[in-house]
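Visitor: could you look at this predicted model? Sequence included:
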Amino acid sequence: MKKFNFRKVLDGLTASSPGGSSGGGSGGGSGAGGGSMHPGGTAGAVGTPRDEIQETLTSDYFQICKTVRHGFPYLPTALAFDPVQKILAIGTRTGAIRILGRPGVDCYCQHESGAAVLQLQFLINEGALVSASADDTLHLWNLRQKRPAILHSLKFNRERITYCHLPFQSKWLYVGTERGNTHIVNIESFILSGYVIMWNKAIELSTKTHPGPVVHLSDSPRDEGKLLIGYENGTVVLWDLRSKRADLRAYYDEAIHSVAWHHEGKQFMCSHSDGSLTLWNLKSPNRPFQTTIPHGKIQRDGKKPESCKPILKVEYKTCKNSEPFVIFSGGLSYDKACRRPSLTIMHGKAITVLEMDHPIVDFLTLCETPYPNEFQEPYAVVVLLEKDLIVVDLTQSNFPIFENPYPIDIHESPVTCTEYFADCPPDLIPVLYSVGAKHKKQGYSNKEWPVSGGAWNLGAQTYPEIIITGHADGSVKFWDASAITLQMLYKLKTSKVFEKQKLGEGKATAEIVEEDPFAVQMMYWCPESRIFCVAGVSAYVVVYKFSKHEVNTEIASLEVRLQYEVEDIITPEPEIIPPFPDASSQLPSLKNLSGSTNTVACEGVMKDSIPCLSVKSRPVRMPPGYQADLVIQLVWVDGEPPQQITSLAVNSAYGLVTFGNCNGLAVVDFMQKTVLLSMGTLDLYGSSDPYQRQPRSPRKSKQFAADNFCMRGLSNFYPDLTKRIRTSYQSLTELSDSPVSLELERCKSPTSDHVNGHCTSPTSQSCSSGKRLSSVDVTKANRRGPGRPPFRKAQSAACMEISLPVTTEENRENSFSRSRSSSVSSIDRDSKEAITALYFMESFARKNDSTVSPCLWVGTGLGMVLILSLNLPASDELRQTEPVMVSPSGTVLTLKGAVLTFACLDCMGTLTHPPYEVWRDSNSADDGEKTRKRKLVMHSPSSSQDMGDHQFAVICSEKQAKVFSLPSQTCLYVHNITETSFLLRADVVTLCNSVCLACFCANGHIMTLSHTETALVQI
């Protein structure tokens, strides 16, 4: 499938809401059935002409074009630098080339063959680049045009290319091969000249053994007509191109890896496989002038130092006013097996070893002159690592590194979630940059970044764009994406609000994640009010407020019990349980659990009412930027650990934050620091529950061991996620009826996909123990009876590591034979319905409402949509003291598949944003700033006229999209987006003064739908 980029469409998008939906887009894979490459769908329309929306968008508005790629090049293999234009090129194993210049200059090109790039050579100061690929093809790239393109290609059919060399201001390209021959290519016509230096002519005729592949080619600095050829077996030949004979031959008993000239052309240095460096003089080629093993131990008896690891590359650079630099990679002693990859810098008698975090792929020394016969005057070393790019400053004795201006470190800690915001308030980027600049690391070189070539322009779009990334170590990074390249604005460390767990403590631990306990699972940001919320993998939510002033204060915290009061295992003696709790138990005054205490006294006692992590109880210094205002933690309940958070939303105008998981929903007032609602999903329905759920016996108390809980460390999640996303649709359809495929069939449903034995649908559910069921468990599960799908506890995509075993053919046929949506008429009472989407908006909560009011829309994993009414105090003064009432409205809407996103349109079909509070700095020294009233923006209608007496609600699930007219709750349009896969992410966005629904499918397709649910484009 040909891949496209969606940049052109995104250039016309504006933010769909002040806060981005948290969306579960983790995991992927194409659908388990069907053969359609594009996720097809059917649309229908119902409603009166008065309710219909005028359509303005057409497919002509969309144009797909390729654009820049952010982040570090994947699997780099080659490096080149133009010392005049000061641009850098990096080749990769996938055939890609990244060209980098000054910050903002970033170009991506791709070889159509996809063959690995072996070597890159710039035509210095000529705007061209030569690439040698693993398929033995040479390519000449033209860099002078806006998008680089290949001018010429030359394929070697009989020999394998091993090394290339293009001298400065020369029209001849020298190509060494695996057979030991050297060919010469005319760089202008890009054809072979016919001049070939055969290996048997280069070495002495008396030598019968083959010298091996050509590993080095370079012209003499003194005479461009002399070519130095290095062979793998240790033979070096200086070939006279004019007389077509060898001027010099040198032999060494260790294999050669690289050769470097002295600028005078009288000496050259070789690096060898035994960790030695040999210096040769042209006047006496019989033996090396000097032999050293820099990292070898000197023997006491005066013998040759012991061998070391191979020196893979050496560079020999001279200085006019100081000793020459000898820089090489590798060469460490074998007895230091645990030492990291290193770069060694020898300057005079000083030897400096720079240890790297990743293996070294290649390095280049940057010099003041491109002419090889002058003093080189090196000033920096560019080191290409497998996962990083660093530049070392050679002009300072401590060799500091330059601060990298490229977004190379996006995956410094693995990215666990992302959010994109367009058309942000214009003052946000400067403010974030100013507070972020104060936290930058110290110790960098004070000189400017040496790769400074290229011309940079802002591009066509003028609106600010921000990308936020959440990481496994708990850090959050804000990136400026307005220009072509990403620039990091600000970094927030969410782990700082928690105490560090000391190793070896004897007290019982409540942690439910063995690794990466602070990993960011989802984020919600309101750019206008600058409220930022983070949900972590250890079942907590942190509310941050932005301030330009440093404060020293305690962090407020709340603890919430979200318990699903249903017995998981069916027992033979069922007892009747009251279907719904007393409504009075949901009063706000009874739900403030901030003062709850831990009940664990010693190991072995059931854990109850304790959070997974400990919030710092002492005053904490918070620098300018985002400062923690409130931490909300789910607690253990009757020995059962809290479930991961699956949805998150915040509204600054209401002062509320809400989140949900597979147990239920919680609503918290972050202004008064109180819990307003903590209710199981089943209880939200009240009498409106569309399912006939059978009651079960009461829960038996039992202790769940933390290591049996399904929330594993994210280190196991990342590779699985990569495999799931990359697994093709064809590989799924090729599964055989083996025991493994039977196991996959066990979990198969129209809204769940499986790859490599893992559930990959965002709403797939897994056992709380994270283990495969035993035979006893299977027997108990079989008691459900035929026709009842065995729904399991819903978890986020990060913990989908379970698939149920199949023991009989009957179980295979009966399991998940029906959708999780309204097509199921009866659900076991022990099933858990996850909260998958949350959205605050001014809306009609009931059919008979005449005006809009504050509402919370709740979407579940079973495709149900519930509306909760919010009763807020009438005035700003009362808001600080009077409670906020949250109550179900009784309205229930249905879709097929788990609900992903909501949006609201006014009567004219224009997107309306939820209300928000204009940002004010609560820590300002100005008393007027502190005491001034909250400024609320209640909605953003399309014009000065009223919103009208009706509005439209757009709801999208992982399978389907619907448009409802409110308050009548009439379904106007429905579109079945996909039957063979599921959506990972969906959002309603503004494009060309109209709205559309943008969807990203698990099988890799991107599509947009108009608000009449007409497919505009599918990619």
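Guide: All right, it came through fine.
Visitor: hey, what's the most centrally placed residue in the chain bridged with?
Guide: Nearest to the mean C-alpha position of the chain, by C-alpha atoms, centre = their mean, lies Val415 at 3.7 Å. Beta-bridge pairing of Val415 under DSSP bridges involves His471.
Visitor: and it, how far is that from Phe518?
Guide: 14 Å (C-beta to C-beta, to the nearest Å). Placement of C-beta: from N, CA and C, glycine included.
Visitor: who does the host helix or strand of Val237 touch, helix- and strand-wise?
Guide: Per DSSP states H and E, Val237 falls inside strand 235-240. In terms of contacts (3 or more C-beta pairs under 8 Å, 6 or more residues apart in numbering; DSSP states H and E), strand 235-240 is packed against strand 226-231, strand 245-251, strand 256-261.
Visitor: least reliable of those strands going by mean pLDDT?
Guide: Per-segment mean pLDDT for those reaches its minimum on strand 245-251, at a mean of 90.
Visitor: note down every partner strand of that strand and its orientation.
Guide: By DSSP bridges, strand 245-251 pairs with strand 235-240 (antiparallel).
Visitor: check contacts around the nearest residue to His165 once chain neighbours are set aside.
Guide: Excluding its sequence neighbours, the residue lying closest to His165 (C-beta to C-beta, 6 or more residues apart in numbering) is Leu217, at 3.9 Å. Contact analysis of Leu217 by C-beta atoms under 8 Å, 6 or more residues apart in numbering lists Tyr163, Cys164, His165, Tyr174, Gly176, Thr182, Leu227, Leu228, Ile229, Gly230.
Visitor: which one of those residues is nearest His1005?
Guide: Distance to His1005, by C-beta to C-beta, is smallest for Cys164 among these, at 40.4 Å.
Visitor: got the contact list for the closest one?
Guide: Here Cys164 is in contact with Gln119, Gln121, Val130, Ala132, Leu138, Leu173, Tyr174, Val175, Gly176, Leu217 (C-beta under 8 Å, 6+ apart).
Visitor: from these, which land in strands?
Guide: Under the assignment DSSP state E, these contribute Gln119, Gln121, Val130, Ala132, Leu138, Leu173, Tyr174, Val175, Gly176, Leu217 to strands.
Visitor: what's the closest of those to Pro359?
Guide: Relative to Pro359, and with distances defined as C-beta to C-beta, the nearest of those is Gln119, at 18.2 Å.
Visitor: quick one, grab the pLDDT at that closest one.
Guide: 95.
Visitor: what's the burial count for it?
Guide: 21 (other C-beta atoms under 10 Å).
Visitor: in the stretch 801-950 of the chain, which spans are strands?
Guide: 835-843, 853-860, 864-871, 885-894, 899-905, 911-912, 916-917, 936-937 (DSSP state E, counting those that start in this stretch).
Visitor: buried residues in the fourth one?
Guide: Meaning strand 885-894. Neighbour-count burial for strand 885-894, counted by 16 or more other C-beta atoms under 10 Å, picks out Val886, Pro888, Ser889, Thr891, Val892, Leu893, Thr894.
Visitor: could you dump these into CSV and include distance to Val668?
Guide: Shown next, in CSV, are these (distance: C-beta to C-beta, whole Å):
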residue, distance to Val668
Val886, 10
Pro888, 17
Ser889, 20
Thr891, 23
Val892, 24
Leu893, 25
Thr894, 28
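Visitor: any idea which of those is closest to Thr292?
Guide: When those are compared against Thr292 (criterion: C-beta to C-beta), the nearest one is Val886, at 76.7 Å.
Visitor: now the helices: where do they sit in the stretch 1-150 of the chain?
Guide: 7-10 (DSSP state H, counting those that start in this stretch).
Visitor: ditto for the stretch 151-300 of the chain
Guide: Counting by DSSP H, counting those that start in this stretch, the helices of the stretch 151-300 of the chain are 199-202.
Visitor: what residue ranges in it score low on pLDDT?
Guide: Flagging of the stretch 151-300 of the chain using pLDDT under 70 yields the residue ranges 206, 300.
Visitor: and with 80 instead?
Guide: Flagging of the stretch 151-300 of the chain using pLDDT under 80 yields the residue ranges 204-208, 298-300.
Visitor: and for the stretch 451-600 of the chain?
Guide: 455-463, 483-485, 501-515, 563-600.
Visitor: can you report how many residues neighbour the nearest residue to Val175 once chain neighbours are set aside?
Guide: Closest residue to Val175 apart from its sequence neighbours, by C-beta to C-beta, 6+ apart: His183 at 4.6 Å. A count of nearby residues for His183, using other C-beta under 10 Å, gives 21.
Visitor: go ahead and confirm His183 touches Ile191.
Guide: No - contact criterion C-beta atoms under 8 Å: His183 and Ile191 do not qualify, at 10.8 Å.
Visitor: shared neighbours of these two, anything?
Guide: Common neighbours of His183 and Ile191 (C-beta under 8 Å, 6+ apart) do not exist.
Visitor: and stretch 402-418, what's buried?
Guide: Across stretch 402-418, burial judged by 16+ other C-beta under 10 Å covers 402, 404-408, 410, 412-418.
Visitor: what's the span of it, first residue to last?
Guide: Taking C-alpha to C-alpha, to the nearest Å, the first and last residues of stretch 402-418 lie 28 Å apart.
Visitor: and it, how far out from the chain middle?
Guide: Distance of stretch 402-418 from the chain centroid (C-alpha atoms, centre = their mean, to the nearest Å) equals 9 Å.
Visitor: packing partners of the host helix or strand of Gln633?
Guide: Per DSSP H and E: Gln633 is located in strand 625-634. Judged by 3+ C-beta pairs under 8 Å, 6+ apart, strand 625-634 is in contact with helix 428-437, strand 487-493, strand 540-547, strand 556-560, strand 656-660, strand 664-669.
Visitor: ranges for the strands of the stretch 551-700 of the chain?
Guide: Going by DSSP E, counting those that start in this stretch, the stretch 551-700 of the chain shows strands at 551-553, 556-560, 620-622, 625-634, 647-651, 656-660, 664-669, 674-680.
Visitor: pull up the pairing partners for the fourth one, direction included.
Guide: Right, strand 625-634. With DSSP bridges as the test, strand 625-634 pairs up with strand 540-547 (antiparallel), strand 556-560 (parallel).
Visitor: need the winner for burial among those strands.
Guide: strand 540-547 (a mean of 24; mean count of other C-beta atoms under 10 Å).
Visitor: report the secondary structure state of the closest residue to Ala953 other than its chain neighbours.
Guide: Using C-beta to C-beta, 6+ apart and skipping the chain neighbours, the partner closest in space to Ala953 is Phe964 (4.6 Å). Under DSSP: H, G, I helix; E, B strand; the rest coil, Phe964 falls in the strand class.
Visitor: ok, Phe964 - contacts?
Guide: Phe964 touches Leu893, Phe952, Ala953, Ile955, Thr970, Cys971, Leu972, counting by C-beta under 8 Å, 6+ apart.
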